Structure formats: structure tokens, C-alpha cells
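Q: Generate coordinates for the sequence data below:
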Amino acid sequence: MRTLWSTIHRSSSRSVAPRPSTWLLCWPLGLNVILLDLRWDSYVHGSTELLGLQIDAAINSGNSGGPAFNDKGTCVGIAFQSLKHEDAENIGYVIPTPVIKHFITDYEKNGAYTGFPIIGIEWQKMENPDLRTSMGMKADQKGVRIRRIEPTAPDSHLLQPSDVILSFDGVNIANDGTVPFRHGERIGFSYLVSQKYTGDSAVVKVLRNSQILEFNIKLGTHKRLIPAHINGKPPSYYIIGGFVFSAVSVPYLRSEVCR
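A: Predicted structure coming up:
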């Protein structure tokens, strides 16, 4: 296995250029090696707004973590999940190399994985011309309106609700929240944020009360008031007088809501 990974050529592109086919190398249930011929369908996004590749091949149990190759023999990502649905089949997902490189570089710089930075806002599209007029936007101005700012966000003391974000690090944001990507395509502007590292700075241009302001924001990771996970450990609890107390977490809340 060590010999295999040492001979793999990784893609150097910051975005993944489409190829007619991709090969997935996997070890289902720890058995023999299986080589799958895949077809790329599209980019998909999760709740963390990171790049992902959708492929038209099933990724069975044990296949996650296997490298995916394009037709040039270059590693373009790592298989990590599949879609299980009665109306769909042979749909899998791959973590592309830009995300993997970010993880590795982050670890090398900080000695630990610090995560992907965020702005920490909820925003609203500005495609409605009446909405743009009400916000004091000119005909040549585009952007998205801030609806809410996370109180623990690194920029909570600079940005304000109803600010209109016009650009991020010099890249103009469209009224639908997208920015230029590859070969005429567009992608959500959170992609620009995800290319940064914890502690990096970015210049954010906003429109506030019809005035253009620029802020130099130091980016940080999401500091959740309620932990998103408990690092794979069993939940801690305390029993007293017949009552069971446990630290609140997102997995706990999901288990209660989904009952």
C-alpha cells in the first residue's frame, strides 16, 4: 500500500478540470482490490460549502478512502460516500484534490488540522431589482445582502446585518451569490473563502447606507456554541437523583428530533 501511494501523481490544479472518465481504486470490506470505471457528472456541495465530485458509480462499504484517477492516471480525489435512494442508483461522491491539499497544507502549517475558515453569515440574493433599489444599490452594483451574522464569527464586530457584500478579495460577487469559476462557469462565493487558511486575511467590500466600505478581515474557523460532533467518543453523562444530564451537541439534538 505504501508503495502504491508513493507512485501516485496528484493533480496540481486548484479546480478539477472535467475528464471523460475517472477510475476508482477501492478495497470493499477489506477484500481484493477493485478498479471501477467512472463518469463525472457535476460538482456538488455539502453543508460546509466545499467542492465535491459526483460520479455515476456506486461506492460500496469499504470503498471510501480509495483514490480516484482520471484517464491520464492522475489522482483527482478520494471516494467518500454514495447516495442510497430507491429512485437513484450508481451515484457516488469524491473529495477532489483541492480540498485534500488544503487539509494537508493546513496540517503542515499549524501542526494540526484547524479547519476551513468561514465568514459566518447568512445572506440573501439580490436578484430582485426593487430589493436592490431599497438597499441603495446603483445599476452597476451587484452583491448579496447579509441577513444574519454569527455572534462568534471573526467579522461580527465589522460587518452588520443589511450590509451588501460587493466583493471578496477583489472578486466581484453576482446578485445570486456566485463568482467566476472555470471556463465560463460560476460557483458560490464561499468557494473563495474555503481557499483561504485559518488566520489569513481577506478584503471584503460592502455597501452600507449607500456608501462603499472596505474591511480587512482575519478569517477563522467556526466556533460553535453547540459542538457539531464529539470526536467519535461516547457521549458523557451524569446521573443524579434519577435524572440523566448530558452535554448538548448536534448529534444529540438530531437523535431527539429524528425520533
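
Q: which helices and strands sit right next to the helix ranked longest in the chain?
A: Using DSSP state H, we find that the single longest helix of the chain is helix 97-110. Helices and strands touching helix 97-110, by 3 or more CB pairs under 8 Å, 6 or more residues apart in numbering; DSSP states H and E, are strand 9-10, strand 74-82. C-beta: built from backbone N, CA, C; applies to glycine.

Q: Specify the residue ranges that define each domain of this protein.
A: 2-110, 121-218, 225-259 (automatic domain parsing).

Q: re the thing from before, quick one: average pLDDT of the longest helix of the chain?
A: The predicted model assigns helix 97-110 a mean pLDDT of 90.

Q: What are the buried residues along it?
A: Across helix 97-110, burial judged by 16 or more other CB atoms under 10 Å covers 97-100, 102, 106.

Q: just to revisit the earlier point, ok, of the domains of the chain, where does mean pLDDT dip lowest?
A: When the domains of the chain are compared on average pLDDT, domain 2-110 comes out lowest at a mean of 67.

Q: quick one: strands adjacent to the helix or strand containing residue 238?
A: Element membership of residue 238 [criterion: DSSP states H and E] is strand 237-240. When pairs are called by DSSP bridges, strand 237-240 turns out to pair with strand 243-246 (antiparallel).

Q: And the buried residues of helix 97-110, which is closest to residue 240?
A: Nearest to residue 240 among the buried residues of helix 97-110 is residue 106, at 41.3 Å by CB to CB.

Q: give me every residue that touches the closest one.
A: By CB atoms under 8 Å, 6 or more residues apart in numbering, the residues touching residue 106 are 113-115, 197-198.

Q: Take those residues and write them to TSV, including distance to residue 78.
A: TSV is the format used below for those (distance: CB to CB, whole Å):
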residue	distance to residue 78
113	15
114	20
115	18
197	20
198	22
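
Q: and the two most separated of those?
A: Greatest spacing in the contacts of residue 106, by CB to CB: 113 and 197 (11.1 Å).

Q: Mind checking which of the two has more residues around it?
A: residue 197 (17 against 12; other CB atoms under 10 Å).

Q: pretty sure the more buried one is touching residue 104, no?
A: No: between residue 197 and residue 104 no contact is recorded; they are 11.6 Å apart, counting by CB atoms under 8 Å.

Q: Could you check how far the spatially most central residue of the chain is from residue 172?
A: By CA atoms, centre = their mean, the chain has its centre lying nearest to residue 50, at 2.0 Å. When distance is defined by CB to CB, to the nearest Å, residue 50 is 22 Å away from residue 172.
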